[in-house]
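A.B. asks: Fold the following for me, if possible:
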Amino acid sequence: MATLRLDGFVSVETIGFMEGTLVTRPHHWNAAEVRVNVQSPTGGLKVQLQDETGQAFAGFGVEDCEPIAEDALDASVRWHGSGDVRSLSGKMVALQFSFSPEDKLYSYTLRAES
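C.D. replies: Modelled structure (predicted):
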């Protein structure tokens, strides 16, 4: 019997041993945190939160993001030690995923406050 990782039907990854980026469409932000289903054995996927023009929000740039270098179904994206993104509430926000070679992104979740 074959098994498949949760939400593992499709992943986004770069070709060969290259780095790459993926940018979502901007949308009205009401999330408290960003979670990812990721396989990142060597590098470290990073996420930037940016406005409609592609400018990173202060404190949420790719250089501010802690690399996610693990195989996890529900990893927290963190910037300077915090995953709290409520300060962007009400703004139009796009996510930019920065891939290292061998990174695979299966899904991302924007969690609202509970």
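A.B. asks: got the contact list for the closest residue to Leu95 other than its chain neighbours?
C.D. replies: Nearest residue to Leu95 in three dimensions, chain neighbours excluded: Thr24, at 4.6 Å (CB to CB, 6 or more residues apart in numbering). Backbone N, C-alpha and C define where each C-beta goes, glycine included. Shown in contact with Thr24 (CB atoms under 8 Å, 6 or more residues apart in numbering): Ala94, Leu95, Gln96.
A.B. asks: quick one: which of those residues is nearest to Phe9?
C.D. replies: Leu95 (20.3 Å; CB to CB).
A.B. asks: what's across from the closest one in the sheet?
C.D. replies: Leu49 (DSSP bridges).
A.B. asks: so it makes contact with Leu45?
C.D. replies: No. The pair Leu95 / Leu45 is not scored as a contact, 11.4 Å apart, by CB atoms under 8 Å.
A.B. asks: could you measure the residue positioned nearest the centre of the chain against Gly16, distance?
C.D. replies: Centroid check for the chain by CA atoms, centre = their mean gives Val47 as the closest residue, at 4.4 Å. Distance of Val47 to Gly16, given as CB to CB, to the nearest Å: 22 Å.
A.B. asks: Look up the pLDDT of Ser114 for me, please.
C.D. replies: Ser114 is assigned 53 on the pLDDT scale.
A.B. asks: Kindly report the same for Thr3.
C.D. replies: Thr3 is given a pLDDT of 69.
A.B. asks: Please apply the same query to Thr42.
C.D. replies: pLDDT, Thr42: 79.
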